[in-house]
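Peer 1: sequence unavailable; structure follows:
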């Protein structure tokens, strides 16, 4: 801890504390209050979109372009990491955990998969959605990588096929968004004529939000699995 | 609400202190994650309204502000993506230099 | 019009799935997409009534995201599509078995740049800036050498801290105005008490200027440019570092600042701009690696753009025009440096001795671009610097505007030095055959320089002078 570092650090911490006391939170009129936009979301969100979960309605209907950008961030990171780690064959036999861990993980993996699919599909009804459910699905891959070792998992899950699944899910997302353009509306519109609204609270409601959730869920699951399968690669036994 | 803001400030300072004083690359990445968590805590805490419930229309009539929650979801994914790339870069650096200390990254002098 | 933004993304995903079968077909399809985008932008500039306001999802400006296609935006789209076409040709000409993920990332970067340029929403802008930054971190580390990994991780740490600062400012703007649309939010933001505005604008300026590579936060830039592939260096230097400055321009153009705040922001921009100009030119003179020299030259040109953003409409128009000019000129310089460095396989300036006479095409491009960077009329570098200087003089900032001619004199020193080394007497050099695609790339960039030079008054009038 050299003197320059401590000096720089104390200056920065002092600046941060002074600035935070100069910023009076009472100036933030909408910190802790509704503004007109969120009042509209809260009162009219269900009628506009048919989704009961207002956060999902904002994510996939009102601000769907942000979600497209976020899905593309994961897609880029998956391709960038598979670009950084060169391809090579998996080792013949990797270390695995004890029989207790292996048996238990085989027991509860189906439950986790069903839970993840449940969260993806019920995104517009209860808290959750495509991103949360997709990460839960990818955590099954992580559990199996840790418990069973890399060689067993790679025999069943090829990351190249997962990359194809990921690309097709993203194309499905963009395709659902482009369908309204064919009828003269804007990109990513939730048209009541094309995507039936249904009754709020049922499974088949909320227009294209359900389909977008499923596309995003599979895309996120595939992306995170590709990232995990790439980062687990080693060259020899005694490296990280 | 001032309690949450004090927590945000404390997390920020912990993150900044950890980022500057540490030389281990893994700890610097963790410090970056702490700083991003502090900012997102600030975002979500601004969504809370006293006496209101979660934004689910069939359960609550009085809902909190759902907009910063949607922003935070996106920002969490972006932060996790940056962490993933940073970690893979650290793995590749270790393969080349056999050390994870930032004191050894002195080849290029900006 | 929204297809101009979405087409690169669709092609990128299709390349990811289908590349292995027929490489040439997909790259040709990508080039056709770029050309179609360029033609569409020209058509919109000439015949459509801009600005076009496009409500995504059919919600209005206060509920959803709005895309705005106006003259500045469509011009930027046109310039970027043509530059990406040139970079694609150059990279494919350099080594035909690039990883297909490289092309995929480049096309997604074009989508993110186009989406950033047209969006009128604060948070959407932040998401696209993050996409561009993450792709640049990955592309700098593409060659996986030790130097490029080190440069990439330094770039990552600096970029992430800047992104955090920008995110805090965006959250403060949202919580104090209640809007996320740029025009609505910045209009309301001017009514807030001064300390909040000062701190927010300070954080925004720090974040955006350190992402742009302005001195004193410039230390990641030469490392990143020197260790990356030539095509990636041209991309970084020509487009990515300008992105944050264009964001600042968008935010400042939609807000009417109070006089005290306006004065402070102007002072900060002028001081940092002048400092970058002088530091960039002085340190560039002492470099021996051609790519580091061009990187420091980029820092100086960023200084010019920052100085231009500060004052009035005419200097802002000059700054935007200099963004376009510098993109073409720096791409030309990086391409020709990459071509000429092939003869001795080293990037040192001394090893480029005599290569100018051996390869007349590359050295002509280098000479024209170097003269443009110095600022010799009629090449476009002169017009943009002159526009910035006229804007500064009109606001009675005479002393500061002298930095621009000073920078010109300093730039002359090192560019002439390189040109003298290039055109030295014939030295024995091996014969290398360059592929036709590289010639196409070189001619595209040359065409870009010439057309922006000829149509200087037209382009400046598009930007509002």
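Peer 2: Arrived safely. Nothing here was measured: the structure is a model prediction, and the numbers come from that model. Numbering: from 1, shown residues only, chains lettered A, B, ... in the order given.
Peer 1: pull the number of nearby residues for residue 60.
Peer 2: You didn't say which chain, so I picked chain A. Neighbour count for residue A:60, taken as other C-beta atoms under 10 Å in any protein chain shown: 33. No exception for glycine: its C-beta is placed from N, CA and C like everyone else's.
Peer 1: you looked at the wrong chain, it should be chain C
Peer 2: 10.
Peer 1: helices of chain A, residue ranges please.
Peer 2: A:3-22, A:36-49, A:54-57, A:64-84, A:99-121, A:130-148, A:150-156, A:159-182, A:209-231 (DSSP state H).
Peer 1: tell me which of these sits most buried.
Peer 2: Mean neighbour count (mean count of other C-beta atoms under 10 Å in any protein chain shown) peaks for helix A:54-57 among the helices of chain A, with a mean of 29.
Peer 1: what is the mean pLDDT for that helix?
Peer 2: Throughout helix A:54-57, pLDDT has a mean value of 88.
Peer 1: what residues does it touch?
Peer 2: A:41-42, A:45-46, A:48-49, A:51, A:123-124, A:127-129, A:206, A:209, A:213, B:55-57, B:63, B:66, B:69-70, B:73 (C-beta atoms under 8 Å, 6 or more residues apart in numbering or on different chains).
Peer 1: out of these, which touch chain C?
Peer 2: By C-beta under 8 Å from any C-beta of the partner chain, the members of these lying near chain C are residue A:41.
Peer 1: in what helix or strand does residue C:41 lie?
Peer 2: helix C:23-46 (DSSP states H and E).
Peer 1: the very next helix or strand once past that helix vs chain A: in contact?
Peer 2: Going down the chain from helix C:23-46, the next helix or strand is strand C:52-55, by DSSP H and E. Yes - judged by C-beta under 8 Å from any C-beta, strand C:52-55 comes into contact with chain A at C:54, C:55.
Peer 1: and the helix or strand following strand C:52-55, what other elements does it pack with?
Peer 2: Counting by DSSP H and E, the next helix or strand C-terminal to strand C:52-55 is strand C:66-69. If you count contacts as 3 or more C-beta pairs under 8 Å, 6 or more residues apart in numbering or on different chains; DSSP states H and E, strand C:66-69 packs onto strand C:52-55, helix C:100-118.
Peer 1: pull up the pairing partners for the shortest one, direction included.
Peer 2: Pointing back at strand C:52-55 there. According to DSSP bridges, strand C:52-55 forms sheet pairs with strand C:66-69 (antiparallel).
Peer 1: right, and the helix or strand after the strand it pairs with?
Peer 2: helix C:71-94.
Peer 1: just the angle between the host helix or strand of residue C:445 and helix C:71-94, please?
Peer 2: Here residue C:445, judged by DSSP H and E, is contained in helix C:436-454. Helix C:436-454 and helix C:71-94 are oriented at 150 degrees to each other (axes from the mean of the first three to the mean of the last three C-alpha atoms, to 10 degrees).
Peer 1: what residues does the spatially closest residue to residue C:365 that is not a sequence neighbour make contact with?
Peer 2: Spatially, and ignoring its direct neighbours in sequence, residue C:365 is nearest to residue C:336 (4.5 Å; C-beta to C-beta, 6 or more residues apart in numbering or on different chains). Going by C-beta under 8 Å, 6+ apart, residue C:336 touches C:362, C:363, C:365, C:366, C:369, C:442.
Peer 1: now do the helix or strand where residue C:336 lies and helix C:71-94, the angle between them.
Peer 2: Using DSSP H and E, the element containing residue C:336 is helix C:313-340. Here helix C:313-340 points in a direction 0 degrees away from that of helix C:71-94 (the same axes, to 10 degrees).
Peer 1: report the buried residues of helix C:313-340.
Peer 2: C:314-340 (16 or more other C-beta atoms under 10 Å in any protein chain shown).
Peer 1: quick revisit: give me whichever of the helices and strands packed on strand C:66-69 is most buried.
Peer 2: helix C:100-118 (a mean of 24).
Peer 1: can whatever helix or strand comes next after that one be found next to chain B?
Peer 2: Moving toward the C-terminus from helix C:100-118, the next helix or strand (DSSP H and E) is helix C:122-140. Yes - Helix C:122-140 lies within reach of chain B by C-beta under 8 Å from any C-beta, at C:123, C:127, C:130, C:134, C:137, C:138.
Peer 1: want to throw those into CSV with pLDDT and neighbour count?
Peer 2: Putting the residues of helix C:122-140 next to chain B into CSV (pLDDT from 0 to 100; neighbours: other C-beta atoms under 10 Å in any protein chain shown) gives the following:
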residue, pLDDT, neighbour count
C:123, 92, 22
C:127, 94, 27
C:130, 93, 27
C:134, 94, 28
C:137, 93, 23
C:138, 92, 26
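Peer 1: which one of those is nearest to residue C:417?
Peer 2: Nearest to residue C:417 among these: residue C:137, at 33.2 Å, using C-beta to C-beta.
Peer 1: give the contact list for the closest one.
Peer 2: A:80, B:85, B:89, C:152, C:155, C:156, C:159.
Peer 1: check contacts around residue B:26.
Peer 2: B:87, B:90, B:100.
Peer 1: so which of these wins on neighbours?
Peer 2: residue B:90 leads the contacts of residue B:26 on contacts (other C-beta under 10 Å) with 21 neighbours.
Peer 1: just checking, it touches residue C:153?
Peer 2: Yes - between residue B:90 and residue C:153 there is a contact under C-beta atoms under 8 Å: 7.1 Å.
Peer 1: returning to that earlier point: narrow the contacts of residue C:336 to those that are buried.
Peer 2: C:362, C:363, C:365, C:366, C:369, C:442.
Peer 1: need the helices of chain A in a markdown table with distance to residue C:42, can you?
Peer 2: Output for the helices of chain A, formatted as a markdown table (distance: least, C-beta to C-beta, whole Å):
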| stretch | distance to residue C:42 |
| --- | --- |
| helix A:3-22 | 47 |
| helix A:36-49 | 37 |
| helix A:54-57 | 39 |
| helix A:64-84 | 26 |
| helix A:99-121 | 44 |
| helix A:130-148 | 39 |
| helix A:150-156 | 50 |
| helix A:159-182 | 22 |
| helix A:209-231 | 34 |
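Peer 1: any idea which of those helices gets closest to residue C:411?
Peer 2: Closest among these, using C-beta to C-beta: helix A:3-22, at 33.0 Å.
Peer 1: how far off centre is the closest one?
Peer 2: 35 Å (C-alpha atoms, centre = their mean, to the nearest Å).
Peer 1: equivalent analysis for stretch A:32-51, please.
Peer 2: Worked out by C-alpha atoms, centre = their mean, stretch A:32-51 lies 24 Å from the chain centre.
Peer 1: so does that stretch get close to chain B?
Peer 2: Yes - interface with chain B: stretch A:32-51 contributes A:32, A:33, A:34, A:35, A:37, A:38, A:41, A:42, A:45, A:46 (C-beta under 8 Å from any C-beta).
Peer 1: mean pLDDT lowest for which of the helices and strands packed on strand C:66-69?
Peer 2: Looking at the helices and strands packed on strand C:66-69, the bottom one is strand C:52-55 with a mean of 85.
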